[in-house]
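Novice: sequence isn't available, so here's the structure alone:
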């Protein structure tokens, strides 16, 4: 009994010790696992053993992004330096005048077929070829508020000195002035008539209509203010001019004249791209003459003017004695895509020295159509039309079997104009011209023009007719 009890008593503690050691082992393993997890949570993924052995895609993307960010910052620094240099260059350029050369050459040819009555009334009109215009000039901006233009013609003779070359434009604009808008001073066109202000490079016919070309004032020395509204639907211009100067700006000191001239235009309708518009305008000029002798005469809308080739005047008032007179003009035009219309009426009124009233008048109506789809471009801040750019410029293609010519813009034109210099005891004659034309613009402002003109003349109660075929080769830059 005693032995059995003793053996039971001795064997009982063994399971207790085994269990105790088991808990110790479990606790030790738990501590190891807890430390391992804590260590992994504090070590970056890139520093782990697996990351070092097998780099993740996220790690590569971060490096690429960092490199691109550095490159972008470097590009931005370079752009900032470039912008600073450009601003400095622009500021320097504002203190200088830009110089842009320009020029034009117009070569005309014409043939006349007069009936006997016309030859008796005006004389023989000679056929011929001559250079109508040959001009060179420069223009440009400067000091952020100035614009200048100088234009010299090498063909036209000065009527006062019989010399050439002669100055046509020589003026300076001061822009953005408070109250006035823009101010022009020098020798330039007075603000009168749409056709008068359009450049000869852009007009659809060889010459301006007879009435506008004769009655509307042209270039003179003066001072003019001009501006437009914020919507660019209205323009206005007005100025004071030395009426004594001729077209070339030369002042005849034996007379002192003064003129005030103004023009206003309005676009009652225009769409966004300017392909459809309606334009109206009005002009007025009062002219106080220093020298009372004045003559009004006109050719039949062609001008071969060199020496013996000079086209004779078909209507002519002769010298008139008049101290002052008024000129008024109305204008309208419309663009409907490639189709456009334009018309003007101009009248001159005054009193001659013998108290005889003076009233001269005329006008025109013309239509133009671009066969190749171009359209006229209206300059909304200047109130006139500008150049037309052909959709396809002229070019020559050589495909091996011969050269082929393509491109250019084609325009059909038609005009009726009239000019009346008969009034009371004045018998200067009445002239009506019917003109049709075809223009090929092979480049901007460079073209070949064909005009057929039939001129009806009623002078001293004698009716006569003339057929004129004319051509122009024009180059401008």
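Specialist: Thanks, I have it. In this text, all values refer to a predicted model and were calculated from it rather than measured experimentally. Residues are numbered from 1 along each chain as shown.
Novice: alpha carbons only for contacts and neighbour counts from here, please
Specialist: OK.
Novice: and the strands in the stretch 351-477 of the chain?
Specialist: Listed in chain order, the strands of the stretch 351-477 of the chain (DSSP state E, counting those that start in this stretch) span residues 357-370, 378-379, 384-385, 395-398, 403-406, 409-423, 426-443, 446-459, 462-476.
Novice: and the nearest residue to residue 192 once chain neighbours are set aside, what does it touch?
Specialist: Of all residues not flanking residue 192 in the chain, residue 283 sits nearest, at 5.3 Å (CA to CA, 6 or more residues apart in numbering). Residue 283 is in contact with 191, 192, 193, 261, 262, 263, 264, 328, 329, 330, counting by CA atoms under 8 Å, 6 or more residues apart in numbering.
Novice: which pair of these spans the longest distance?
Specialist: Greatest spatial distance among those (CA to CA): 261 and 330, at 13.9 Å.
Novice: hang on, the earlier thing: and of the strands of the stretch 351-477 of the chain, who's closest to residue 176?
Specialist: Distance to residue 176, taken as CA to CA, is lowest for strand 378-379 among the strands of the stretch 351-477 of the chain, at 18.3 Å.
Novice: ok, residues contacting stretch 420-437?
Specialist: 205, 300-301, 314-318, 357-362, 412-419, 449-460.
Novice: list only those of the residues you listed flagged as buried.
Specialist: 205, 300-301, 314-317, 358-362, 412-419, 449-459 (16 or more other CA atoms under 10 Å).
Novice: on that earlier part again, ok so the residue nearest to residue 192 is a strand residue?
Specialist: Yes. Applying DSSP: H, G, I helix; E, B strand; the rest coil, one finds residue 283 inside a strand.
Novice: tell me how far it lies from residue 350.
Specialist: According to CA to CA, to the nearest Å, residue 283 and residue 350 sit 17 Å apart.
Novice: do the same with residue 414
Specialist: Residue 414 is 33 Å from residue 350, by CA to CA.
Novice: and the residue nearest to residue 192, bridged to which residues?
Specialist: Beta-bridge partners for residue 283, by DSSP bridges, are residue 263, residue 329.
Novice: separation between it and residue 244?
Specialist: Between residue 283 and residue 244 the computed distance is 20 Å (CA to CA).
Novice: can you map out the strands along the stretch 201-350 of the chain?
Specialist: 219-228, 234-242, 258-270, 276-288, 293-298, 315-336, 339-352.
Novice: mean pLDDT added to those, as a markdown table?
Specialist: What follows is the strands of the stretch 201-350 of the chain, written out as a markdown table (pLDDT from 0 to 100):
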| stretch | mean pLDDT |
| --- | --- |
| strand 219-228 | 96 |
| strand 234-242 | 97 |
| strand 258-270 | 97 |
| strand 276-288 | 97 |
| strand 293-298 | 90 |
| strand 315-336 | 95 |
| strand 339-352 | 97 |
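Novice: list the contacts of the host helix or strand of residue 151.
Specialist: Assigned by DSSP states H and E, residue 151 belongs to strand 146-153. With contacts defined as CA under 8 Å, 6+ apart, strand 146-153 is touched by 133-141, 164-175.
Novice: give the partner strands of that strand in its sheet and their orientations.
Specialist: Strand 146-153 has the following sheet partners, assigned by DSSP bridges: strand 128-142 (antiparallel), strand 166-177 (antiparallel).
Novice: next secondary structure after the shortest one?
Specialist: The element immediately downstream of strand 166-177 (helix or strand, assigned by DSSP H and E) is strand 181-189.
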